[in-house]
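In: A structural model of the following input is requested.
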Amino acid sequence: MRLPILLLTLAVMATAMMVPSTATIYWKHPVRDANQEVKYQLKLITDALNNKDIELFEKLVNVFDGYAEPILGVYASEAGYIVYASKTAEGGLYAMGRLVSLPDRFTFKWELNAESPSGYKLVECRELF
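Out: You can find the predicted model right below:
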């Protein structure tokens, strides 16, 4: 009696290992440092802007945030850098960036999002005065 149960258990485990997991998208990008993660997210977004990939851009950025596209457009065309980055309590990201040629500062906020290919979606992008 024990042998059939053991064989059935092994068969189920082997089958589960063969099925690709798409539910764990947050594990696809192994970066743990918030600063590196923010740089990675901004690179994905600016690449989508530069390549005019609207579908990818809409998955990575909240298109209802009217400030996001113009600020990211400026950030993508200029040499920008991250001043501060941290992870939020909910698992999202918060960052402050600057442009090399201007004293303007920008804030970025990402939330976890299962529909985004990177696992994050930019939900807020503001210029600080």
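
In: could you pull out the helices for this structure?
Out: 2-18, 34-50, 54-60, 68-77 (DSSP state H).

In: low-scoring stretches of this protein, by residue?
Out: Counting by pLDDT under 70, the chain has low-confidence residues at 1-4, 6-8, 10-32, 67, 69-70, 73-80, 129.

In: residues making contact with stretch 116-128?
Out: Here stretch 116-128 makes contact (Cβ atoms under 8 Å, 6 or more residues apart in numbering) with 25-26, 28-29, 37, 40-41, 44-45, 56, 59-62, 65, 67-68, 71-72, 92-93, 96, 104-113, 115. From N, CA and C alone the C-beta is placed, and that goes for glycine too.

In: Emit the ChimeraX select command for whichever of those residues are buried.
Out: Command for ChimeraX, covering only those of the contacts of stretch 116-128 found buried under the criterion 16 or more other Cβ atoms under 10 Å:
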select :25,29,37,40,41,44,45,56,59,60,61,62,68,71,72,92,93,104,106,107,108,109,110,111,113
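
In: how near is residue 82 to residue 55?
Out: According to Cβ to Cβ, to the nearest Å, residue 82 and residue 55 sit 26 Å apart.

In: go on, residue 89?
Out: For residue 89 relative to residue 55 (Cβ to Cβ), the value is 31 Å.

In: and those two? which has more neighbours close in?
Out: Just comparing residue 89 and residue 55: by other Cβ atoms under 10 Å the higher neighbour count belongs to residue 55, 8 against 5.
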